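**Student:** kindly return the folded structure for what I paste below:
(one chain, ligands or ions: 1)
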Amino acid sequence: MSWSELALNGRILVVDDAMENIQILHAALQDAHEVLFALDGSRALDLAQAQRPDLILLDAVMPGMDGYAVLQALRAAPETSGIPVIFVTALTSPEDETRALDAGAADFISKPVNAAVVRARVRTQLTVKRQADALRAMSLTDSLTGVANRRAFSERIDNEWRRCGRAALPMALILADIDHFKLYNDHYGHQAGDACLEQVARAFCRAANRAQDLVARYGGEEFAILLPETDACGARCVAQRVLDELAALGIAHAVSPTSALLTSSMGIAALVPDHRTQTSATLIRAADGALYQAKADGRNRYCMAPDAPAGQPGNGAA
Ligand SMILES: Nc1nc2c(ncn2[C@@H]2O[C@H](COP(=O)(O)OP(=O)(O)OP(=O)(O)O)[C@@H](O)[C@H]2O)c(=O)[nH]1
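**Tutor:** Purely as a prediction, here's the structure:
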């Protein structure tokens, strides 16, 4: 599919206090796009949050919250800051245009609008948006396994740390390290090692299957499983499923001192974030310490960080 084809079917939010202007833009765009509309700034912000349009056509002059204030509010919220905005306005002086572009507008269309020009400008902005989205997705994905990469993990854990902290919800982290992977590579070869990592990543995804769970490749043969809104008990369940999934895969590891099959060790930490005095590094450190303990205790098991608030430290051996 070409980039211009990708620009089709985008969801567009039209914001204007005059219904007849909305109707004109709707008529120009409805064949190729889903068109939403709002008659004032506050409704526009609600719709942008709830529906995440691909593009916003925004009237600059409106009673109450004007276009510039709407744009500022869109940029301030992480969920809407990446949505491109085209100003559509009767204000046509170079100063007005410059002000809109300085405020973060992607483009500027003068009223009265020409339907062909609107369609062309919209196509351009949607194409740029899709390209930016694809690049961002690529920059957050591990190319070998297809799961999130370390950068994506760092972004998510910080967001979840704050979100769960504000809501006083628990969150858990499992750090998993494949056992004796150096020996695996040495014995079966690096390509087989890569194929093994892909299989293991898929097994982790099957074990952590809630919408908000995140499986990430944390390092070479180390994975992180982030479990928002999950306490120590829930995290233990997921870790046990990881052990079961790996056992079910049955990947031979003929030279492992631990088992004839490929295994993983895991460290689990779970807590209710104290986001005012601590950072997410607290959780990572605790999970890392528990992983070290799981390795020391004989591998092929999970170990709970000792300061987990939801119960006594627990170990699970397969
Ligand atoms: N095939 C492959 N191997 C990798 C990749 N990333 C890291 N590794 C290998 O993973 C191995 C990790 O080895 P170590 O850190 O010594 O750990 P280990 O052999 O798993 O031993 P324990 O963790 O103590 O059980 C190294 O041989 C790395 O080369 C990768 O992308 N592909």
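
**Student:** now do E79: how many residues are near it, please.
**Tutor:** 11 (other CB atoms under 10 Å). The C-beta positions use only the backbone N, C-alpha and C, and glycine is treated the same way.

**Student:** enumerate the beta-bridge partners assigned to V15.
**Tutor:** Listed beta-bridge partners, V15: A38, L58 (assigned using DSSP bridges).

**Student:** residues touching it, list them.
**Tutor:** Going by CB atoms under 8 Å, 6 or more residues apart in numbering, V15 touches 37-41, 44, 56-59, 62, 67, 70.

**Student:** could you rerun that using 7 Å?
**Tutor:** Residues near V15 by CB atoms under 7 Å, 6 or more residues apart in numbering: 38, 44, 56-59, 70.

**Student:** ok, so of those residues, who is nearest V215?
**Tutor:** I56 (33.1 Å; CB to CB).

**Student:** dihedrals phi and psi, that closest one?
**Tutor:** The phi/psi pair for I56 (degrees, to the nearest 10) reads phi -120, psi 130.

**Student:** my guess is it contacts T80. True?
**Tutor:** No - at 8.7 Å, I56 does not count as touching T80 under the criterion of CB atoms under 7 Å.

**Student:** of all residues in the stretch 1-150 of the chain, which one is closest to the ligand?
**Tutor:** Closest contact between the stretch 1-150 of the chain and the ligand, by CB to the nearest ligand atom, is at L144 (5.7 Å).

**Student:** what does this protein have sitting close to the ligand?
**Tutor:** Within reach of the ligand by CB under 6 Å from any ligand atom, the chain has these residues: 144, 177-183, 185, 190, 193-194, 197, 220-221, 295, 299.

**Student:** what do you get if the cut-off is 5 Å, keeping everything else the same?
**Tutor:** Contact residues (CB under 5 Å from any ligand atom) of the chain with the ligand: 177, 179-182, 185, 190, 193-194, 220-221.

**Student:** next step: the residues you listed restricted to strands.
**Tutor:** If you go by DSSP state E, the residues of the chain next to the ligand have D177 in strands.

**Student:** please check the residues of the chain next to the ligand and keep the buried ones.
**Tutor:** Buried subset of these (neighbour count, 16 or more other CB atoms under 10 Å): 177, 179-181, 185, 193, 221.

**Student:** a markdown table for those, including distance to T127?
**Tutor:** Listed next are those as a markdown table, based on distance: CB to CB, whole Å:
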| residue | distance to T127 |
| --- | --- |
| D177 | 42 |
| D179 | 47 |
| H180 | 48 |
| F181 | 42 |
| N185 | 42 |
| G193 | 39 |
| E221 | 39 |
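
**Student:** in the stretch 101-250 of the chain, which spans are strands?
**Tutor:** In the stretch 101-250 of the chain, the strands defined using DSSP state E, counting those that start in this stretch lie at 107-110, 171-178, 214-217, 222-228.

**Student:** so of these, which one's packed in deepest?
**Tutor:** Ranked by mean neighbour count under mean count of other CB atoms under 10 Å, the strands of the stretch 101-250 of the chain are led by strand 171-178, which reaches a mean of 26.

**Student:** just the mean pLDDT for that one, thanks.
**Tutor:** In this model, strand 171-178 has a mean pLDDT of 98.

**Student:** quick one: that strand to strand 222-228, angle?
**Tutor:** Using axes from the mean of the first three to the mean of the last three CA atoms, to 10 degrees, the inter-axis angle of strand 171-178 relative to strand 222-228 is 160 degrees.

**Student:** shared neighbours of I56 and T80, anything?
**Tutor:** Contact criterion CB under 7 Å, 6+ apart; residues bridging I56 and T80 by contacting each: A48.

**Student:** those two - which one has more neighbours?
**Tutor:** For I56 versus T80, neighbours defined as other CB under 10 Å are more numerous around I56 (28 against 17).
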